[in-house]
Structure formats: structure tokens, C-alpha cells
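[1] Could you work out the structure for the sequence below:
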Amino acid sequence: MTLPRLTPLLAVALLHGVFLMLGSAPGGAQMITIEGNGVLISAGDPTPSLSDHTDFGGVYVAAGVIDRVFTIKNSGVAPLVMLGFQRLGTHAGEFTVLPIPGQFPQIQQIAGGGQLDLTVRFNPRDDGARFASLRFVSNASNHPVYEFSITGEGLDPAPEINVQGNGIDIPDGSPVPNLNNHTDFESTDTDTGFVTRTFTIQNSGLLSLNVFEIQIIGETSDQFSVTSPASDPVSAESSTSFDVTFNPDRVGGHLATVRIVNSDLTEGTYDFIIRGTATTTSARLSLLGNNLQIAAGDDTPSPDDHTEFESTDLGATSFRTFSILNTGNAPLSIATIELVGGQAASFSSSLPSSNPIAPGNQATIQISLQPSVLALHQTILRINSSDRVTPIYDVTLSGTGGIFKLVSIKRDGDDALITFHANPTSGSYLYQILHSTDMENWSTKGSLFSSGGETRDYRHRDGFLGKNGFWHVSEQTL
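    Numbers count the residues shown, from 1 in each chain. Next up is the predicted model:
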């Protein structure tokens, strides 16, 4: 006969009747246990678990089901009679026992030492956690009523992102680069090498996944680039790929974050860390002025790094000293030093103080400016070297030619007589007389006032300091 759906009172009444009819076999002749996924489910277990399949996991609402098989075992010697089955709880109707053709839910006997497999299907009607319990009624001597809790989760249809590298999952927020999933790019030479990794964006959801942007962020993110972007959108249950290239120009370890901005409801920004190491086997040129680094291609002269010269009298000369540093690990050879374009004729350069330059060492060059006209003077300092990354190192130099002319410096006995033409325009001017022994450090020896349009003499008594002394006159408009 077919057993009707049970209520707790009916189950107890039926049990009583069955035990009267069948008797209770002595010595625990019928012993029931139930397993899920090969794991024992204790009678009365209130805590569903994925391990024993009492937690069914997540299922998209109206788009899929999950079936779980539970095994009823009779560890006794006498037949175990299954009298009924109940689904209880808030969402009982979303869990269904699938019929076994010609068998369950009819009364079944399980022989001693035998077992019976039942399939329970979870088909959620709404999203969120769903709760119920399963109750089995039998003539077992140990647990005539065997009940345990079950659960599952209804999921809204939505996109679901996952990212892989080298076929291995890269969890969202992964903080440690790994060779296996290609988030560690290993090492490459800054001169001759680069490394490209391909990453796969998977969409296991039921709606298309939009990939809005793939960013490389972080302090050394400029060493990495997305060289082949992912397609957009990514259809349900499909994937796309994108490439990241590590092409460093600086030696050392480099870290960055790959950020995938997408339409996943819970992982809208999918981040993971990538790493690469840059090495070099060649020379590297770095230019310093006033102990400040001057980048290759710098076209903005500044007095701070001495690429802008101080204003220089017509006919006088100003000097700047620059250091060429070899930051590589091979000797740096300087082929030529050129002054190119603009007013290059007003500038001149010395040879490097040493050549080639050993790794970690430096050499100096001295650049002079001798203006011949009243104007801004500019040119490009070009250093041609064995640096394979920047074989041509250009920086712009500038300086202003003085607006008056230093006519002569004469010795008159023990005095120095400095003659100069003041500004031809009428006005109020202060002229300072400066002296130096190295053309970089100047000391003031005196000053004169002028209303312009005149030739002035300054006598520095007992101040002729010989051929190694240099004089300079500066002008200030009052």
C-alpha cells in the first residue's frame, strides 16, 4: 500500500501499531543509520554540513536543481521496515524525495546488512537560505524516528566572475604572487627581455558579465601594462582572456595590483597582486647636477639642478659641473658629448674626467656659457654612450646673456681696475663687483650705483689677485 504523508501524532500511532504487529526483535535486530556523501548523519543532527550533503549549497532560482543521495543502512540482522517519510520546516516544499520505481514511498524492507539509496532534490522558489528537516519512521530498535536538518540557498540569476592564470584559480584579493598561477612574472632583463602572461576571466553565472576596465595600479605599476584587453561583455557560462606584460626599465623587484572592474554583484572590483624582478647586465647612465638627478629628455632648465645658468655678462663666462653616474653593472663608455641646436656656439663642454666609467662610479664634465649677445641662450646637452636603454641622453640647458658689457680688467699697480658699460637705458641700477677663484663660488668686493648710459670704473685697492682670479659684475634694477 501507499503510505500517506505523516503528522507527528500519526507517526507515533503507526509506530505503536507496527511494533505490536512486527514485534521488537531482541538484541537490536533492526539498526538504522543514514549517510550522505559517505559520511554518517547523526539522528537529531541540527547543523547541516556540506561534507555530508545535508547542506545542498547554492542553486539559481527557477534555473536549476541539486540532487543529493542519502543511504539508509540496516546494520542489524532482521529486516528494517521503512514506514514513512516526512519533510518538515519553513521551506519543506522545496525539498523532494524522488520516487524509486516500484519502491519508495511504499513500505520497504531493508534486509539485515542491506541498504537503500534515496535521492532528495532541492529546487528553491526564492533567493536566500532555505531550511527544512527530513524525518524517517521505521521499526528500528535504535532510532524509530530518525530526523536531521537540511538547508540550501536560492541564488538570483547573476554574473559570477572567476579569474585564472595558467589554468589555476586566482582568488579575489590574492595578496601573494605565485609562479603556478602566473601572478609571479619571474625575472627579465631590462635591456632585452619582457614577460607576457595571459589571464582568463570566467563567468559561471547565468547573466552576461560586463568588464568595464582592467587597471594596473600601485607604486611600480608603470612596469606592467595590459597589452591585450578582455572582450566585453562575457556571456553566461563562458570566458574571455587578457594579457599583462612586464617590460621593466628599472632594476629591482616590482609589485602591482591588477584590478578588474566588472558587474559581479559581490566582486565588482576583483584584485590580485602581481610581481616581477628586473635585472640588467649593461651600463646605465644617470646625470646629476648640483647632486640632483636630471632625467633624460628634460626640457625644462632649472637653477636647482644647474641646467639653468646664472645670468652672465656679455663677454664673461659661467661654468656648471655635471656628474655622469653609472648605475649599471657593466662599464659605461662615453662616445661623444655634444651641444646641439639653439645657441650652441655660446656653450662648450669639457671631456669626462674618466672614461669608461666603472659600475657604481662617476665622472664629471664642465659646461661653460659665454654669451655674445643680449638674449636667452639655449642648447641641448647630448651624451652618447654605451647605455643600451638610453644611448642618447638629452637635456636642455639655458642661460641669459648679460645686459651690459664688461669692458676690461686691468692691473694698476697693486689695484684691480674693472671697467664696464652700464645699462644704456636710463634708470637706477646697482652693480655688484664679484670675485671667484673657481667660477662657481663668488664673493662680493664692492658695489656702484648708476643711472645708466655711462661707462664706470671700479678700483679694488690692493686687490689684484693674479691670473687665477675671475671677476664678474651683476646688475640689479632699483
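[2] For the strand of greatest length in the chain, C-alpha coordinates in CSV please.
    Looking across the chain with DSSP state E, the single longest strand is strand 392-412. Output of strand 392-412 as CSV, limited to C-alpha atoms (Å, rounded to 0.1, in the frame of the first residue of the first chain):
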residue,chain,number,x,y,z
ILE,A,392,71.3,59.2,-26.4
TYR,A,393,70.8,61.2,-23.3
ASP,A,394,69.5,64.7,-24.0
VAL,A,395,68.8,67.6,-21.5
THR,A,396,68.2,71.2,-22.3
LEU,A,397,70.5,74.0,-20.9
SER,A,398,69.8,77.7,-20.8
GLY,A,399,71.3,80.9,-19.6
THR,A,400,70.7,84.7,-20.1
GLY,A,401,73.4,86.9,-21.6
GLY,A,402,74.1,90.0,-19.5
ILE,A,403,72.5,93.3,-20.4
PHE,A,404,75.7,95.3,-20.0
LYS,A,405,79.3,94.7,-21.2
LEU,A,406,82.3,94.0,-19.0
VAL,A,407,84.9,96.1,-20.9
SER,A,408,88.2,95.3,-19.2
ILE,A,409,90.0,94.2,-16.1
LYS,A,410,93.4,95.9,-15.7
ARG,A,411,96.2,95.9,-13.1
ASP,A,412,97.1,99.4,-11.9
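[3] After it, which helix or strand is next?
    Tracing the chain C-terminally past strand 392-412 and defining elements by DSSP states H and E, one meets strand 415-421 next.
[4] which of the residues in that next one are buried?
    Across strand 415-421, burial judged by 16 or more other C-beta atoms under 10 Å covers 416, 417, 418, 419, 420, 421. In this view, the C-beta of every residue, glycine as well, is placed from N, C-alpha and C.
[5] Check stretch 157-164 too.
    Within stretch 157-164, the residues scored as buried using 16+ other C-beta under 10 Å are 158, 159, 160, 161, 162, 163, 164.
[6] ok, the residues you listed vs residue 319, which is closest?
    Distance to residue 319, by C-beta to C-beta, is smallest for residue 163 among these, at 58.3 Å.
[7] And residue 344, its phi and psi?
    Torsion angles at residue 344 (phi, psi; degrees, to the nearest 10) stand at phi -60, psi -30.
[8] Next one: the nearest residue to it once chain neighbours are set aside from residue 398, what distance?
    What sits nearest to residue 344 in space, not counting adjacent residues and going by C-beta to C-beta, 6 or more residues apart in numbering, is residue 379, at 4.3 Å. Using C-beta to C-beta, to the nearest Å, we find residue 379 at a distance of 8 Å from residue 398.
[9] cool, and residue 429?
    Separation of residue 429 from residue 398 (C-beta to C-beta): 24 Å.
[10] cool, and residue 254?
    Distance of residue 254 to residue 398, given as C-beta to C-beta: 35 Å.
[11] Look up how far residue 229 lies from the residue nearest to residue 127 when sequence neighbours are not counted.
    Spatial nearest neighbour of residue 127, excluding adjacent residues (C-beta to C-beta, 6+ apart): residue 154 at 4.4 Å. Distance of residue 154 to residue 229, given as C-beta to C-beta: 35 Å.
[12] Strands of the stretch 151-300 of the chain, start to end?
    Counting by DSSP state E, counting those that start in this stretch, one finds strands in the stretch 151-300 of the chain at the ranges 161-165, 168-169, 184-189, 195-203, 211-217, 224-228, 238-246, 252-262, 269-279, 285-289, 292-294.
[13] Which residues does the closest residue to residue 74 other than its chain neighbours form beta bridges with?
    Of all residues not flanking residue 74 in the chain, residue 80 sits nearest, at 3.8 Å (C-beta to C-beta, 6+ apart). For residue 80, the beta-bridge partners are residue 110 (DSSP bridges).
[14] per-residue confidence for residue 80?
    Looking at residue 80, its pLDDT reads 95.
[15] doesn't residue 113 make contact with it?
    No: the criterion here is C-beta atoms under 8 Å, and residue 80 misses it with residue 113 at 10.1 Å.
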